[in-house]
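Novice: got a predicted structure plus its sequence, pasted below:
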Amino acid sequence: MTTMQSAVLRGPDPMQVESIDLGAPEAGEVLVRVVACGVCHSDLHSINRAKSGPLRTPVILGHEVGGIVEEVGPGVTSVKAGDHVVVAFRPNCGQCYFCLRGDLALCERPDNPDRAATGARPRLHSSGEPVLQGVGVAGYSEYTLMPERGVVKVRDDAPLDVVCLVGCGVTTGVGAAINTAKVHAGSDVAVIGLGGVGLNIVQGARLAGARRIIAVDTVASKGALAAKFGATDFVNAAEGDPVAAVQKIAGGYLDYAFEAIGLGVTVTQAFNMVRRGGTAVVVGVVGQDVTVPGLAFLGEKKLIGSFFGSARPQYDIPRLIDLYMDGKINLDDLVSKRRPLREVNEAFADMETGEVARSVINPRG
Ligand SMILES: [Zn+2]
Ligand SMILES: [Zn+2]
């Protein structure tokens, strides 16, 4: 049994740092010492769901983890104590219909130690009370206990407080461009929403060889930031109709538009931006119905979803880290702020203002 400090969410109140008990790793489990955990927008969705009721609590959020293996349980062969790892949230089962056909992001039986929900035994406790691991991770903690398929061994020379972002935002964004949409060289691309995911869609499109990459946001300062990731143009959506502005830049022939905010209205904009035969890709978490003009389907427009960059974590995560170490993608400019665990609520307040790309929590800071 280990006792650790974790930021616990209990209903509508801010997270509080508490002492949490954690069992030793059992068969197939890996105990990871968390070095850094990125603050991702989907955790904000969870916090808002806790405020309105439907989220099960108490829960520890945080799923963008870089860490070092502390101990492994019996039968674990792919990592050992001392290995550097990035956590893959919602670990895939490797056996279901979707896993067998290679669509690992769509796994229908993820080993999700939100375990009480799947009938399995909770592994974290607060004075005997079970505490859930949000999306199977619990990264706002000194340690996390993962199934073996939920950790990916990464090179030792990569800084964990930067490459932790590959655990969610980087893979989601770059993967949406290169895996889901398969952006082709020379194409014209727009990206709506320049948070941690949107900036990675921008650099995914650059990696794929896009010609124009038009970045769209309502915060003017995001234009200069997006340029550091490969954007060629910026449209301030606060200053008028972004559809008309993007089409003007693209000469009416935009090939791909990515929505990275999670609003019905911006999905409609993305769909309306693309040319006949073009593709609008929804990356944001859209909790509402979406309206698009039906006649546009006669022009063979495509509207598609993307989850976790259609990634195969054990394959994609080490490659994205190599691209970063070779200077081919930019992760350093994603990390706007580093904070200790006790400032986790302030990190979420920063994200809500839209002024930071990503904060990273150091649980021992
Ligand atoms: Zn995330
Ligand atoms: Zn599966």
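Specialist: All right, it came through fine. Numbers count the residues shown, from 1 in each chain. Ligands and ions are numbered 1, 2, ... in the order given.

Novice: from the stretch 151-300 of the chain, which residue is nearest to ligand 1?
Specialist: Nearest residue of the stretch 151-300 of the chain to ligand 1 (C-beta to the ion) works out as residue 168 at 3.3 Å. (C-beta placed from N, C-alpha, C; glycine too.)

Novice: just give the nearest non-adjacent residue to that residue, would you?
Specialist: Spatial nearest neighbour of residue 168, chain neighbours left out: residue 64 (4.4 Å); criterion: C-beta to C-beta, 6 or more residues apart in numbering.

Novice: residue 181 now?
Specialist: residue 281 (5.0 Å).

Novice: the one helix or strand the one you found maps to: which residues count as buried?
Specialist: Residue 281 belongs to strand 274-282 when assigned by DSSP states H and E. In terms of neighbour count (16 or more other C-beta atoms under 10 Å), strand 274-282 has its buried residues at 274-275, 278-282.

Novice: ok so, going back, show the pLDDT at the residue of the stretch 151-300 of the chain closest to ligand 1.
Specialist: For residue 168, the model assigns a pLDDT of 96.

Novice: any idea how many residues pack against it?
Specialist: When neighbours are counted by other C-beta atoms under 10 Å, residue 168 registers 32.

Novice: equivalent analysis for residue 3, please.
Specialist: Neighbours around residue 3, by other C-beta under 10 Å: 11.

Novice: please name the bridge partners of it.
Specialist: residue 21 (DSSP bridges).

Novice: circling back: my guess is the residue nearest to residue 181 meets residue 270, correct?
Specialist: Yes - counting by C-beta atoms under 8 Å, residue 281 does reach residue 270; the two are 7.5 Å apart.

Novice: mutual contacts of the two, please.
Specialist: In terms of C-beta atoms under 8 Å, 6 or more residues apart in numbering, residue 281 and residue 270 are both contacted by the residues 257-259.

Novice: out of those, list just those in helices.
Specialist: The helices, defined by DSSP state H, take in nothing from the shared contacts of residue 281 and residue 270.

Novice: and the residues you listed as JSON lines, adding pLDDT?
Specialist: Listed next are the shared contacts of residue 281 and residue 270 as JSON lines, based on pLDDT from 0 to 100:
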{"residue": "257", "pLDDT": "98"}
{"residue": "258", "pLDDT": "98"}
{"residue": "259", "pLDDT": "98"}
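
Novice: check those one by one and keep those near ligand 1.
Specialist: Restricting these to those touching ligand 1 (C-beta under 5 Å from the ion) yields no residues.

Novice: beyond the helix-or-strand element of the chain with minimal mean pLDDT, next helix or strand please.
Specialist: In the chain, the helix or strand scored least confidently by mean pLDDT, DSSP states H and E is helix 41-52, which has a mean of 87. Sequence order places strand 59-60 as the next helix or strand after helix 41-52, per DSSP H and E.

Novice: pLDDT of that next one, averaged?
Specialist: On average, strand 59-60 scores 94.

Novice: just stretch 79-87 next, same as before
Specialist: On average, stretch 79-87 scores 98.

Novice: equivalent analysis for stretch 134-143, please.
Specialist: pLDDT averaged over stretch 134-143 gives 92.

Novice: how far away is residue 86 from ligand 1?
Specialist: 13 Å (C-beta to the ion, to the nearest Å).
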